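Asks: Okay, here's the prediction I keep looking at, along with the sequence it came from:
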4 protein chains.
Amino acid sequence: MGVRRRLYEALAPEARAPGTGLSKTNLAIVALVLVSFLFLALETEPVMTAQPVWQQTFAIFNISVIAIFAVEYLLRVWTAGEDPQYRGLSGRWRYITRFYSLADLAAFLPELIVMVTGAGTSLLVLRVLRLARLVKIARFIPAFEALGAAMKRASSLLYTSLALAITLVYVAAVLLYFVEGIGGNQQDAFSSIPRAVWWAVATLTTVGYGDVYPVTALGRFCAGIIAIAGIGVVALPAGVFASAFSDELRERELAKLKQELDDVRSEETGQ
Amino acid sequence: MGVRRRLYEALAPEARAPGTGLSKTNLAIVALVLVSFLFLALETEPVMTAQPVWQQTFAIFNISVIAIFAVEYLLRVWTAGEDPQYRGLSGRWRYITRFYSLADLAAFLPELIVMVTGAGTSLLVLRVLRLARLVKIARFIPAFEALGAAMKRASSLLYTSLALAITLVYVAAVLLYFVEGIGGNQQDAFSSIPRAVWWAVATLTTVGYGDVYPVTALGRFCAGIIAIAGIGVVALPAGVFASAFSDELRERELAKLKQELDDVRSEETGQ
Amino acid sequence: MGVRRRLYEALAPEARAPGTGLSKTNLAIVALVLVSFLFLALETEPVMTAQPVWQQTFAIFNISVIAIFAVEYLLRVWTAGEDPQYRGLSGRWRYITRFYSLADLAAFLPELIVMVTGAGTSLLVLRVLRLARLVKIARFIPAFEALGAAMKRASSLLYTSLALAITLVYVAAVLLYFVEGIGGNQQDAFSSIPRAVWWAVATLTTVGYGDVYPVTALGRFCAGIIAIAGIGVVALPAGVFASAFSDELRERELAKLKQELDDVRSEETGQ
Amino acid sequence: MGVRRRLYEALAPEARAPGTGLSKTNLAIVALVLVSFLFLALETEPVMTAQPVWQQTFAIFNISVIAIFAVEYLLRVWTAGEDPQYRGLSGRWRYITRFYSLADLAAFLPELIVMVTGAGTSLLVLRVLRLARLVKIARFIPAFEALGAAMKRASSLLYTSLALAITLVYVAAVLLYFVEGIGGNQQDAFSSIPRAVWWAVATLTTVGYGDVYPVTALGRFCAGIIAIAGIGVVALPAGVFASAFSDELRERELAKLKQELDDVRSEETGQ
């Protein structure tokens, strides 16, 4: 077995039999991505960036990660030839323009360019592109694929409940704007509908930061009615999605178990 | 086909075969209503009304919308004659006094009158009437009709759970009024039962703004018990409605699919 | 038909055929109780008690309500004789010592005594006894009876989930007490476990007033983990009760419909 | 029946027939553990420790509890010999190294050592070990065992929904860090991603303390979208666990009832 074949099997998730889990190389990549997210967070913390030791650690870590992901990308492109559908120049082009391959590229190229050209000031915005590394993990976790399926499955229910939730938020905001902003004496928090929308979202999702709330008796009466009547309705879209997602996952697990059972049975029959 | 017929088909949702979606004219009206809601919100924002450019934009937009909705209304009344049940003078009267037609009228007439007579100061209150435009959209979205059906379907459960929720809020308020308002030293927030009701609603819906909360040990003990025991109960009516609404939507979708299947089958049999 | 019989049918809910609803007298009593709760709330509001007009209104209303409930009580005791099981002196005694009759008594007697003897200062605490009027309504609403049945039905699940919720609150409080109160610098909010329990309840029920929250990095980390992991668990008892209550209501409605159907059928067979 | 046998039956939960509940000795131990938790909480309250009376009460109570649990531990080890599998020296060793026996030891030994050696200053940290007493109760409550079973039953769904929730929290934090921390003027609350994570957790769990919230228009817009879309998703893991736990409990109860029914039947057949 050539080097390319062995590398292909270590890198490509589709090279492995289903149910055998991730290869060690891919596990390491997942771990590296998770650590890179942790470092992305720590890197923005003034308490840490104030210490030269951490600054250096961040710099070294970032360069290492970019180097590793660059090498990984090149190896993936090279070894893709093991898969018949990606053979030849046009096959490679098809591989490179896949969504996953583009995400692999976005995971290191922008920062690499900035690093080489030395345009350090705009680096901040580029960091967001590191979120593309999420896709690197998503590829290995079948459940993340279930996200899209869950949204599709419940799409009609999802859109309707979302429309209802937004309507309720809007109507609540208009109501409180007239009662508190015009009728009351809250010149700032309810002084316009967009500001009242902020209150309505915070209230109807039950977050309730407490930066904005009605103070007049009538405003509180309306807000109380809205809160009791509307909470479940605004939570509806997220609840619909959550339930569709958990249904989808359960079904996939069932299908996987069935598949494994069938495999075992057909093996037994074959003997 | 005459002009009136073509206009009728462009305007009346019932003129189209089920499952073919909205006509382009109606899609434009829905979009216009949504934009008019966005502008209604922006119009109240002091930051925007301070700029003459936006003031002019709002004025022009409002006049245009009122003009368009006026023309739309007249056309709808004129073309209603295409429908046999609205033919003749008495038919038109029946059409005009329909709920949807009245909402169409409320969507532009009050503001038009104010604009023509120049009574600009009371314009503010008239803006709430723009919420009647919601009905303009609701007509095209069958799901909004499901709202009423969902409330009817769960009505008995809804009223009972609402009564239970309100009872709980009231009892919690009375309890905390005695413990915190009379027994404690919170002279303002818990100084009367109506004020304590505001606390009870904010707590039992888990909004928790943080403008009012018990400070004595006994008050916190009672509030803790109430919070753990009562949260699900106060969320019950909204949850009952949300679940009835999503059941209703699912059933309607199923009925629609069945209808389409039957149509296909009867067509096949007919051939 | 004698006066007593007619009064009995107007007062006793068990005198009427099922499904015929409340008598007009009882509807009036329910309305009076609801209004008395509204007035109980308003009576404690300093803004209203400051006005002599309202003070007088409250006084007149309270005297009227007490008089009406006293008369109602006497009539109920008198007419109870129409029911064979409450006939005679020992029957009356059995009637008077029923839970519902005692609540009827508690709804007016304490305040009547205070009013007659003129011991006005302790009147405040007696007002809580007006909550006994809740029982006056509960008698007419079969759903309130379902409350107890729902608690019984889910009792084992309810106690276990309650125990789990309380354990979680306690462990979270102990953890944050050590991390924030001892390790951090929050001398007040987390300075003892009972105070940390207040934080834990407010957080795990998602009320989150914002009067107490961790400020150290470690405290926030722990609080975040606790919040994500624990929210559903603390909401479990209330959710279990809410679902048992709605199941109970649905079953009762079904049973009532079945009963009515059987009645119709047996009538048809009888003819 | 010897003393050891009688003590064994009073102490070991497995010595009693299923369905007969706890022995009086064990009920007393459960009560003592619950009271010791209450005292652990009160002991940290400055208001109480300031009074010499309470200080003495706490000291006496703690010494008593430690003495009782020490005696209980020794008796348990001694009487374990009644169970064939724990007979002899190696049997006792097996008994002592059980999880439950180690928890019994941790419930008093550390504090006993500190008390004897007089190293009073570090006593504070040792108090956390008192949480080991939770295990003392857990042994008697079969439902606590169901916790682990529920987690296992829903493990795959639990991990996936947890991963999704954490991803959402992270992405929300990164987004708000860029919008509010870099783009806005909130130098403190959103000045780094870890700080923004604190906001994201408080918002997506709907706790919403109100110590951190976006103030710019764009930040509030993003926060509103995140709140409406994400609330159900972050509540998913806790909801999944809660539902698995309640399913597990229901099944166990059913299995217990079935077992009892079978016992009754086999007894009847045997007669």
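Replies: Okay, I see it.

Asks: From C:Ile66, how far off is whichever residue of the stretch 1-150 of chain A sits closest to chain C?
Replies: Closest approach of the stretch 1-150 of chain A to chain C (Cβ to the nearest Cβ) occurs at A:Val47, with a separation of 8.5 Å. Any C-beta I mention is one placed from the backbone N, CA and C, and that applies to glycine too. Distance, A:Val47 to C:Ile66, using Cβ to Cβ, to the nearest Å: 67 Å.

Asks: For those two, indicate the residue with more neighbours.
Replies: The neighbour comparison of A:Val47 against C:Ile66 (other Cβ atoms under 10 Å in any protein chain shown) goes to C:Ile66, with 19 against 13.

Asks: contacting residues around that one?
Replies: Neighbour list for C:Ile66: C:108, C:111-112, C:115 [criterion: Cβ atoms under 8 Å, 6 or more residues apart in numbering or on different chains].

Asks: ok, now with 6 Å
Replies: C:Ile66 makes contact with C:108, C:111-112, according to Cβ atoms under 6 Å, 6 or more residues apart in numbering or on different chains.

Asks: where's the closest residue to chain D within chain A, which helix or strand?
Replies: Closest residue of chain A to chain D, Cβ to the nearest Cβ: A:Ala238 (2.7 Å). In the assignment (DSSP states H and E), A:Ala238 maps to helix A:236-270.

Asks: Please spell out which residues along that helix are buried.
Replies: Neighbour counts using 16 or more other Cβ atoms under 10 Å in any protein chain shown place A:236-246, A:248-249, A:252-253 of helix A:236-270 among the buried residues.

Asks: which secondary structure elements does that helix contact?
Replies: For helix A:236-270, the packing partners by 3 or more Cβ pairs under 6 Å, 6 or more residues apart in numbering or on different chains; DSSP states H and E come out as helix A:142-153, helix A:155-176, helix D:217-234.

Asks: tell me the SS of whichever residue of the stretch 151-271 of chain A sits closest to chain C?
Replies: Relative to chain C, the nearest point of the stretch 151-271 of chain A is A:Gly210 (5.2 Å; Cβ to the nearest Cβ). For A:Gly210, the assignment made with DSSP: H, G, I helix; E, B strand; the rest coil gives coil.

Asks: just to revisit the earlier point, can I get the helices and strands packed on helix A:236-270 in CSV with mean pLDDT, mean neighbour count and distance to C:Leu38?
Replies: Compiled in CSV, these are given as follows (pLDDT from 0 to 100; neighbours: other Cβ atoms under 10 Å in any protein chain shown; distance: least, Cβ to Cβ, whole Å):
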stretch, mean pLDDT, mean neighbour count, distance to C:Leu38
helix A:142-153, 80, 17, 47
helix A:155-176, 89, 20, 23
helix D:217-234, 88, 20, 34
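
Asks: export these to TSV and tack on distance to chain B?
Replies: TSV is the format used below for the helices and strands packed on helix A:236-270 (distance: least, Cβ to the nearest Cβ, whole Å):
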stretch	distance to chain B
helix A:142-153	12
helix A:155-176	4
helix D:217-234	9
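
Asks: Looking at the ones you listed, which is nearest to C:Leu22?
Replies: Nearest of the helices and strands packed on helix A:236-270 to C:Leu22, taken as Cβ to Cβ: helix A:155-176 at 33.8 Å.

Asks: Quick one: list the elements packing against that closest one.
Replies: Counting contacts by 3+ Cβ pairs under 6 Å, 6+ apart, helix A:155-176 packs against helix A:193-204, helix A:217-234, helix A:236-270.

Asks: between that helix and helix A:142-153, how big is the angle?
Replies: Inter-element angle recorded for helix A:155-176 and helix A:142-153: 70 degrees (by axes from the mean of the first three to the mean of the last three Cα atoms, to 10 degrees).

Asks: May I have the phi/psi pair for A:Phe190?
Replies: Dihedral pair for A:Phe190: phi -120, psi 30, per degrees, to the nearest 10.

Asks: Check whether it really touches A:Gly181, as I assumed.
Replies: Yes. A:Phe190 lies in contact with A:Gly181 (Cβ atoms under 6 Å); the separation is 3.5 Å.

Asks: Quick check: the spatially closest residue to A:Leu42 that is not a sequence neighbour vs A:Ser64, distance?
Replies: Leaving out its chain neighbours, the residue that sits closest to A:Leu42 by Cβ to Cβ, 6 or more residues apart in numbering or on different chains is A:Met48, at 5.4 Å. Separation of A:Met48 from A:Ser64 (Cβ to Cβ): 18 Å.
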